[in-house]
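Engineer: Give the three-dimensional model of this entry:
(chains A and B)
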Amino acid sequence: MKNLFKNIKKYPLIIFFGIVLYVVSIADWFSPQYEFSDLENRYLSTFPKFSVKALFNNEYTPLVEDFTEDHFIKRNSWISLKSISETILGKGENNGIVYGEDGYQFTKVLNADYTQRMKNIAAIVQFMENNPDVNINILLAPTAPSVMTDKVKPGSPVNNAEGVITQLNEAVGKENVVDVRDTLKAHCDEYIYYRTDHHWTTLGAYYAYADYMTAIGRVPQPLDSFEFEYVEDFLGTHYSKSKNFNVEADTMSYIRNDSQIDILGEVNSIYDYEKLETRDKYAMFLRGNNSFSSIKGSGEGKILVIKDSYANCFIPFLTGDFEQIDIIDLRFYKQSVKQLIGQEGYDEVLILYNSETIDTDIYVPVLNLFN
Amino acid sequence: MIFSNIFFLFRFLPIVLLIYYIVPYKYKNGIITIASLIFYSWGEVKYFPIMIASTVVDFFASRTIERNRGNRRIEKICLAVSMCFNLGMLLFFKYTDFFIANINNFCGTSIPLLHITLPLGISFYTFQTMSYTIDVYRGKVEAEKNIINFSAFVTMFPQLIAGPIVKYTDINKKLNTYEGRITLDGINEGIRWFILGLGKKVLIANNVGALWTDIETMGFAVGTPLAWLGIIAYSLQIYFDFSGYSLMAIGLGKMLGFDFPMNFNLPYISKSITEFWRRWHITLSSWFREYVYIPLGGNRKGIKRQILNMLVVWFLTGFWHGADWNFMLWGLYYFLLLTVEKVFLLKKLEKHPVIARIYTILGFVIGWAIFYITDLGVLGGFIKTLFSFTPDARFGYYFGSYIVSILIGILCSTNLTTRFYNKFKDNNYVMLPLLTVIFVLSVAYLVDSTYNPFIYFRF
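Structural biologist: Numbers count the residues shown, from 1 in each chain, chains lettered A, B, ... in the order given. So this is what the prediction gives:
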């Protein structure tokens, strides 16, 4: 033993990596474990419950590995280190997020498979045939890279809305599609999309709102009639994945609006201001995504909005124009939309999705279910 | 479990090493066996009995041969039992569905597929146990008397699931050495190899491999420049992944006190395909040479017989890599190149070293396309793209994102790395910072891992 200690001095590698291995392992074992990662805006995995069945189905050990990775000591510093290394290597992306110019980040899309898009467009056509007596419009919000084309580095694998909107125009007829591409492109030097989040800004949503009102034969309220509020340090969904060390935070905006929203019987302000204190600030709008909710407005007529989260900052513009705004998220709504339309007698139905949702979302066909 | 994983690095490895180092020598092989069985079961607990059966069958087959030396009949029966068991398992688990699918295809039947998950590393350990019994049968080595020592050889976790293919004769002396098996020199070298291997796998292979995965997601429907960039990236990925994994295994072996054979020797600097295969996956090539090619007569029975022997070996080599037509095609492709080289090309290549290098690189790069793309129609299209010209708007993006990683990969494929290593391996002022950087970066990539594939699942 004495000999060993004498000899090992000649091997600094063994001493150093021996210490590193054991100190890090033991420190990691005793380091505090967090339920939620603020950086990644997600709940970290919990230690899996052992069962013989899970073990034999190979469902236990991979979760133990995930847990170890998720709770590894100084996880966030390791993530930043990787991001720095990737930047030095000149990587144009990290974890499925493609970097554009001026701090813009986009979702990486390689998809050459358009079967879900075709299914979704067919579902919309079917929905219009099933409900001939109500005025239905479809507004596909183009994703950021389709509008902010000068922020996209050439050849980047990102979503392009042109194809899906053209196909939709052909399938349902131009008169039922509110095509906001040109309007948004005309304003592309304004702050209409977040850099670190996949949504449009409230300003971007306003331009789409104005187009929509014109399309249904109403007059949109002017931009300066809305009072914008700003929230600094908004880091959105893209950043939650890319976690790039050199991020520039966004400024989130919302318009002043005192309307109340009724979510399955619970009535509250349409904005959840508490969310502004958290990472997930965009979730303030309409209090997140709910299966069915309803807003009492001060205008005339009833509208049904079938939507994804892009509509959440769009809908507050409608409260001055409609008396009742009902909102459905098909990912959670498990009842017949046709029956609802029959009961409520809406004047307008608006389907509002972003162009990428139509390419990938599997819940759009719920439009025609449960009838 | 794989080595390039936080759980392995900071849970399994420290615990196993600690126990292994502190227990008395007579228990060390037992510790290896237990640790290896946990390591193996971690990935696929259902196949635990296969591992046990593999150990027991060859142990007793060889013991029986040893006890009945001179009785040719019993010797032959025992050898046949071992061969049938090992090859039978390999055929059953790896190839059954392939045969069923093709019978269905050709005869129009619809026999349901079995959908068996391939037991991890089966292609590696069946070859190892088989070679052991053959060696005992040939009288090259005495049968192992201690089943614990033998199971330590079969299951030994560093080389269990992705090679190198360690033969019993490579490590039998160390297995039975108690005093002095472990040396500080060995541990020191093991640490160096392991970290370098980890870096090869995590920092180079994973980094360039992501590009090829994107191209696969695009259905290989890319323009010419992107196709070349992609297949170069894949060539680097498979080399750094596989040789990195082997290096980690060799390093872990050294830390446990064993000397595994080297598996790769800078294959991409070869000046002929013949040379390439002397440098690539050396333990597999030498296995086929020793247990198939030479018993068939090798090159001692005339050129025609030699070419036939090569055909058999390369067909088997291809098929060993995976149960699909493209792997057979890949084996036959190399058979063809090697035969042409043997007959006349090799002599000409020696006179033109530059052309020889270009030809060799082209040879194995096309080889990797055949190796990877299972659908023969898609493969044809991809190779056509390589040799025609269609532009690709996405090329600029991918070039910018990957060129640095690819250049690092190419640089590290040359003999600069070995020259550097041989010069500085004992200079701790160089090695300590270098290995620290590689280790820390590798951990960072593993913590935030989105792409860390295990690419030998078909072997």
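
Engineer: Every contact and neighbour count from this point should use C-alpha atoms.
Structural biologist: OK.

Engineer: how many neighbours does residue 83 have?
Structural biologist: You didn't pick a chain, so chain A it is. Number of residues near A:S83 (other C-alpha atoms under 10 Å in any protein chain shown) recorded here: 24.

Engineer: Sorry, I should have been clearer: chain B.
Structural biologist: 20.

Engineer: Also B:F420?
Structural biologist: There are 10 residues near B:F420, going by other C-alpha under 10 Å.

Engineer: and what of B:N102?
Structural biologist: When neighbours are counted by other C-alpha under 10 Å, B:N102 comes out with 14.

Engineer: how much space between it and B:G377?
Structural biologist: 17 Å (C-alpha to C-alpha, to the nearest Å).

Engineer: for B:W277, same thing?
Structural biologist: Distance from B:W277 to B:G377, by C-alpha to C-alpha: 27 Å.

Engineer: who has more neighbours, those two?
Structural biologist: B:W277 (20 against 9).

Engineer: Following the chain onward from the helix or strand that one falls within, which element is next?
Structural biologist: Assigned by DSSP states H and E, B:W277 belongs to helix B:273-279. Counting by DSSP H and E, the element after helix B:273-279 in chain order, helix or strand, is helix B:282-288.

Engineer: okay, and for the chain, where does confidence drop off?
Structural biologist: Answering for chain A, as no chain was given. For chain A, the stretches flagged by pLDDT under 70 are A:1-2, A:112.

Engineer: To clarify, I was referring to chain B.
Structural biologist: Using pLDDT under 70, chain B drops low at B:450-451, B:455-459.

Engineer: What residues does it have near chain A?
Structural biologist: Chain B comes close to chain A at residues B:5-7, B:9-11, B:14, B:42-46, B:184, B:187-188, B:191, B:214, B:217-219, B:393-397, B:400-402, B:404-405, B:428, B:432, B:441, B:443-448, B:450, as judged by C-alpha under 8 Å from any C-alpha of the partner chain.

Engineer: For B:Y234, pull up the helix or strand it's in.
Structural biologist: Judged by DSSP H and E, B:Y234 forms part of helix B:224-256.

Engineer: B:S449 now?
Structural biologist: Remark: B:S449 resides in no helix or strand, with elements defined by DSSP H and E.

Engineer: next one: A:R331
Structural biologist: Applying DSSP H and E, one finds A:R331 in no helix or strand.

Engineer: For it, what are phi and psi?
Structural biologist: Backbone geometry at A:R331, expressed as degrees, to the nearest 10, gives phi -70, psi -20.

Engineer: If we go by neighbour counts, what in the helix holding B:W277 is buried?
Structural biologist: B:273-279 (16 or more other C-alpha atoms under 10 Å in any protein chain shown).

Engineer: Just the closest of these to A:L4, please.
Structural biologist: B:R279 (38.0 Å; C-alpha to C-alpha).

Engineer: Which one of the residues in the stretch 251-400 of chain B is closest to chain A?
Structural biologist: Here the stretch 251-400 of chain B gets closest to chain A at one residue, B:R394, 3.9 Å apart by C-alpha to the nearest C-alpha.

Engineer: Got the phi and psi for the nearest residue in space to A:K49 that is not next to it in sequence?
Structural biologist: Nearest residue to A:K49, sequence neighbours excluded (C-alpha to C-alpha, 6 or more residues apart in numbering or on different chains): A:Y60, at 7.9 Å. With angles defined as degrees, to the nearest 10, A:Y60 sits at phi -100, psi -60.

Engineer: The closest residue in space to A:F228 that isn't next to it in sequence: how many residues sit nearby?
Structural biologist: Once flanking residues are discounted, A:F228 sits nearest to A:I255: 4.4 Å by C-alpha to C-alpha, 6+ apart. When neighbours are defined as other C-alpha under 10 Å, A:I255 has 18 of them.

Engineer: Just want to check the distance between A:I255 and A:E323.
Structural biologist: Counting by C-alpha to C-alpha, the separation of A:I255 from A:E323 is 19 Å.

Engineer: if we can go back for a sec, give me the neighbour count for the residue of the stretch 251-400 of chain B closest to chain A.
Structural biologist: Neighbours of B:R394 (other C-alpha under 10 Å): 17.

Engineer: nearest residue to it other than its sequence neighbours?
Structural biologist: Nearest residue to B:R394, sequence neighbours excluded (C-alpha to C-alpha, 6+ apart): A:G155, at 3.9 Å.

Engineer: quick one: what helix or strand has A:E232 in it?
Structural biologist: A:E232 is located in strand A:228-234, with elements delineated by DSSP H and E.

Engineer: Pull up the pairing partners for that strand, direction included.
Structural biologist: Sheet pairing for strand A:228-234, assigned by DSSP bridges, gives strand A:250-255 (antiparallel).

Engineer: Okay, buried residues for the partner strand please.
Structural biologist: Buried residues in strand A:250-255, defined by neighbour count with 16+ other C-alpha under 10 Å: A:250-255.

Engineer: and which of the residues you listed is nearest to B:D259?
Structural biologist: The shortest approach to B:D259 among these belongs to A:D250, at 56.2 Å (C-alpha to C-alpha).

Engineer: now that closest one, which residues is it bridged with?
Structural biologist: Going by DSSP bridges, A:D250 forms beta bridges with A:F234.

Engineer: Contact partners for it?
Structural biologist: Taking C-alpha atoms under 8 Å, 6 or more residues apart in numbering or on different chains, we find A:D250 in contact with A:194-196, A:232-236.

Engineer: PyMOL command for the buried members of those?
Structural biologist: The buried subset of these, as determined by 16+ other C-alpha under 10 Å, is captured in PyMOL by this line:
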select buried, chain A and resi 194+195+196+234+235+236
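
Engineer: Make a markdown table from the contacts of A:D250 and add distance to B:L416 to it.
Structural biologist: Converted to a markdown table, the contacts of A:D250 look like this (distance: C-alpha to C-alpha, whole Å):
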| residue | distance to B:L416 |
| --- | --- |
| A:Y194 | 47 |
| A:R195 | 43 |
| A:T196 | 42 |
| A:E232 | 51 |
| A:D233 | 48 |
| A:F234 | 48 |
| A:L235 | 44 |
| A:G236 | 45 |
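
Engineer: residues in contact with the residue of the stretch 1-150 of chain B found nearest chain A?
Structural biologist: Residue of the stretch 1-150 of chain B nearest chain A, by C-alpha to the nearest C-alpha: B:F10 (5.0 Å). By C-alpha under 8 Å, 6+ apart, the contact set of B:F10 is A:21-22, A:24-25.

Engineer: May I ask which helix or strand encompasses A:F67?
Structural biologist: A:F67 belongs to helix A:61-70 when assigned by DSSP H and E.

Engineer: Pull out the CA atoms of the helix or strand just after that helix and give them to me as PDB.
Structural biologist: Using DSSP H and E, the helix or strand that follows helix A:61-70 in sequence is helix A:75-88. What follows is helix A:75-88, C-alpha atoms only, in PDB (Å, rounded to 0.1, in the frame of the first residue of the first chain):
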ATOM      1  CA  ARG A  75     -26.700  20.700 -15.900                       C
ATOM      2  CA  ASN A  76     -27.200  24.200 -17.200                       C
ATOM      3  CA  SER A  77     -23.500  25.000 -17.300                       C
ATOM      4  CA  TRP A  78     -22.900  21.800 -19.400                       C
ATOM      5  CA  ILE A  79     -25.600  22.900 -21.800                       C
ATOM      6  CA  SER A  80     -24.100  26.400 -22.200                       C
ATOM      7  CA  LEU A  81     -20.700  24.800 -22.800                       C
ATOM      8  CA  LYS A  82     -22.100  22.600 -25.500                       C
ATOM      9  CA  SER A  83     -23.700  25.700 -27.100                       C
ATOM     10  CA  ILE A  84     -20.400  27.600 -27.100                       C
ATOM     11  CA  SER A  85     -18.600  24.600 -28.600                       C
ATOM     12  CA  GLU A  86     -21.300  24.300 -31.300                       C
ATOM     13  CA  THR A  87     -21.000  28.000 -32.100                       C
ATOM     14  CA  ILE A  88     -17.200  27.700 -32.500                       C
END
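
Engineer: All set, thanks.
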